[in-house]
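Chemist: This is the structure alone, sequence omitted:
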Ligand code: NAD
């Protein structure tokens with residue numbers, strides 16, 4: 001089948017035997033386009049192309065790499081409104097959020113363009129007379145990149161940019177639900193001056209394209225972002241040929257509100273962290289852990305803010321929260337809302353399907369109170385605009401509840417106490433800790449990642465990305 005949006009393999013736009021429609025979740029009658037669905041054979045060709053391209057690219061001039069990545073960044077910035085619109089149209093986050101994410105992708109490429117010029121090794125005195133020891137970093141080889149649907153351009157960017165900057169070649173498989181932004185990024189990369197095969201895009205299903213990438217013995221490293229269940233499968237499969245692994249997975253991020261918190265700060269952080277981007281963020285604050293002295297005021301103020309939110313078409317000016325990404329995710333959110341009620345929690349706000357001008361997956365943000373930490377809505381990742389308020393006695397109980405989870409991505413606290421802020425930063429079992437800031441919303445030049453079931457392997461982003469995308473060589477020389 002001829003799809004207008006094809007795969008990019010070995011420097012060519014390649015047709016696939018199947019295609020899938022990219023549907024706007026704000027308006028299911030709006031089809032963004034038909035995108036190629038690759039298969040195992042496409043992966044085979046792409047991996048072979050990446051393998052062939054690797055020796056030259058891994059030794060390419062760092063200034064050439066800098067220029068290519070800088071060019072990609074410049075084009076992303078120049079087209080951020082248009083690309084942001086495409087992103088919001090296919091994923092359902094609001095237009096300002098879509099443009100914000102595209103801007104982030106531009107910043108990431110700019111950062112790693114600079115990193116091309118900052119690669120250095122170490123020269124170390126030997127314990128043996130006359131011997132020189134050099135410690136250098138070399139690219140890993142062919143890297144397979146597998147990304148989820150909730151950040152359709154930022155996550156591809158934060159994997160592709162460091163992979164190329166450090167001299168690896170890439171086979172990228174974006175989420176099949178939202179291939180548009182990844183395709184647009186591939187189109188920019190295709191015109192940026194990369195040698196054929198250095199970057200390849202194979203769109204399609206996880207069970208075919210993703211699976212073939214995991215199983216391919218010539219894929220030296222896999223960087224995956226997605227759910228815990230898929231992550232576990234990725235690890236088990238790719239370890240079969242000792243592929244290097246980086247897994248970023250789910251979260252059940254706590255946001256603690258203490259009696260001494262500034263109420264407005266606590267409410268804004270909770271609103272943003274739990275509900276913006278339709279709650280579809282791995283760093284979303286899905287557990288609001290609130291001490292009893294502020295609990296009722298906090299819940300009342302948060303409900304008031306929720307009631308003022310506009311839930312509508314992602315592209316409409318004034319929309320605060322767009323639709324859920326698709327029917328499957330909407331069903332999952334509604335299931336959890338039913339489960340929460342059945343478990344005995346109080347649905348204090350929202351949680352019902354909404355009808356808008358166009359047919360889309362609209363859901364009123366849901367706030368549960370009277371939630372026990374043992375309930376499923378307090379333990380499992382829902383990945384929608386659903387938050388659970390857990391009432392606790394004091395800081396000690398709040399910290400214990402915050403850490404009582406199989407996840408460990410981000411954790412936040414609202415407090416004016418220096419003592420509690422410092423203690424929480426040290427004792428929250430999470431890769432990222434926020435004080436008087438939402439659990440979601442991070443910088444692009446510092447490490448990103450978590451602990452426990454949320455992450456496995458080296459961190460992403462900033463200079464820490466080097467740990468995954470390079471391998472260390474120690475060379476001894478007797479001159
Ligand atoms: P998912 O696990 O369903 O899919 C992620 C990717 O894996 C997709 O590209 C999918 O096609 C692919 N895949 C599926 N089966 C595969 C297989 N057998 N082999 C290889 N690849 C396969 O996740 P999703 O629904 O797209 O995204 C939501 C999840 O992502 C949530 O759990 C969220 O927390 C997580 N997430 C984590 C981070 C982070 O940095 N920690 C960031 C964003 C999203």
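Modeler: It's in. All of these numbers come straight from a predicted model, not from anything done at the bench.

Chemist: near the ligand, which residues of the stretch 351-479 of the chain?
Modeler: Proximity of the stretch 351-479 of the chain to the ligand (Cβ under 6 Å from any ligand atom) is limited to residues 381, 383, 409, 454. Yep, even glycine has a C-beta here, placed from its N, CA and C like the rest.

Chemist: what's the nearest residue to the first one if we skip its chain neighbours?
Modeler: With sequence-adjacent residues excluded and distances taken as Cβ to Cβ, 6 or more residues apart in numbering, residue 381 is closest to residue 250, at 4.2 Å.

Chemist: all strands of the stretch 201-350 of the chain, in order?
Modeler: Here the stretch 201-350 of the chain has its strands, by DSSP state E, counting those that start in this stretch, at 221-225, 244-248, 253-257, 285-291, 346-349.

Chemist: and which of the residues of the stretch 351-479 of the chain next to the ligand is nearest residue 7?
Modeler: Using Cβ to Cβ, residue 383 comes nearest to residue 7 of those, at 27.8 Å.

Chemist: Count the neighbours of that closest one for me.
Modeler: Burial measure for residue 383: 24 neighbouring residues, criterion other Cβ atoms under 10 Å.

Chemist: quick one: which helix or strand includes it?
Modeler: Under DSSP states H and E, no helix or strand contains residue 383.

Chemist: How about the contacts made by the residue in the stretch 51-200 of the chain that the ligand sits nearest to?
Modeler: Of all residues in the stretch 51-200 of the chain, residue 148 sits closest to the ligand, at 3.0 Å by Cβ to the nearest ligand atom. Contact partners of residue 148, counting by Cβ atoms under 8 Å, 6 or more residues apart in numbering, are 155, 175, 225-227.

Chemist: cutoff 6 Å now
Modeler: By Cβ atoms under 6 Å, 6 or more residues apart in numbering, the contact set of residue 148 is 175, 225-226.

Chemist: Take the residues you listed and write them to CSV, including pLDDT.
Modeler: Shown next, in CSV, are these (pLDDT from 0 to 100):
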residue, pLDDT
175, 98
225, 98
226, 98
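
Chemist: In terms of helix, strand or coil, where does residue 19 fall?
Modeler: Reduced to three states with DSSP: H, G, I helix; E, B strand; the rest coil, the structure at residue 19 is strand.

Chemist: Not counting residues beside it along the chain, what's closest to it?
Modeler: residue 3 (3.6 Å).

Chemist: The ligand versus the one you found, what's the distance?
Modeler: Distance of residue 3 to the ligand, given as Cβ to the nearest ligand atom, to the nearest Å: 17 Å.

Chemist: What is the neighbour count of that residue?
Modeler: Residue 3 has 19 nearby residues by other Cβ under 10 Å.

Chemist: cool, and residue 59?
Modeler: Going by other Cβ under 10 Å, the residues that sit close to residue 59 add up to 10.

Chemist: From the centroid of the protein, which residue is nearest?
Modeler: For the chain, the residue sitting closest to the mean C-alpha position, by Cα atoms, centre = their mean, is residue 155 at 5.0 Å.

Chemist: That one contacts residue 146, correct?
Modeler: No - judged on Cβ atoms under 6 Å, residue 155 makes no contact with residue 146 at a distance of 9.8 Å.

Chemist: Get me the contact residues on the chain for the ligand.
Modeler: 146-151, 173, 175-176, 206-207, 210-211, 214, 225-227, 230, 233-234, 248-251, 282, 381, 383, 409, 454.

Chemist: Please list only the buried members of these.
Modeler: 146-151, 173, 175-176, 206, 210-211, 214, 225-226, 230, 233-234, 248-251, 282, 381, 383, 409, 454 (16 or more other Cβ atoms under 10 Å).

Chemist: Counting only helices, which of these make the cut?
Modeler: 211, 214, 230, 233-234 (DSSP state H).

Chemist: For the ligand, state which of those is nearest.
Modeler: Nearest member of these to the ligand, counting by Cβ to the nearest ligand atom, is residue 230, at 3.1 Å.

Chemist: How about the closest one, nearest residue that isn't a chain neighbour?
Modeler: In space, residue 230 is closest to residue 206, 6.7 Å off (Cβ to Cβ, 6+ apart).

Chemist: Okay, the residue of the chain most remote from its centre and residue 478: tell me how far apart.
Modeler: Most distant residue from the mean C-alpha position of the chain: residue 129, 49.3 Å away (Cα atoms, centre = their mean). Distance of residue 129 to residue 478, given as Cβ to Cβ, to the nearest Å: 9 Å.

Chemist: Give the stretch among the strands of the stretch 201-350 of the chain with the greatest mean number of neighbours.
Modeler: strand 253-257 (a mean of 29; mean count of other Cβ atoms under 10 Å).

Chemist: How far does that one sit from its chain's centre?
Modeler: Relative to its chain's centre, strand 253-257 lies at 20 Å (Cα atoms, centre = their mean, to the nearest Å).

Chemist: do stretch 402-421 as well
Modeler: 21 Å.

Chemist: which residues touch it?
Modeler: 251-258, 260-261, 265-266, 269, 282-283, 289, 373, 395, 424, 428-436, 439, 450-454.

Chemist: tell me the domain boundaries of the protein?
Modeler: Taking automatic domain parsing as the domain assignment, the ranges for the chain are 7-249, 254-435.

Chemist: What is the end-to-end distance of the first one?
Modeler: Spelled out, that is domain 7-249. End-to-end distance of domain 7-249 (Cα to Cα, to the nearest Å): 26 Å.

Chemist: what distance separates that domain from the centre of its chain?
Modeler: So, by Cα atoms, centre = their mean, the centroid of domain 7-249 is 13 Å from its chain's centroid.
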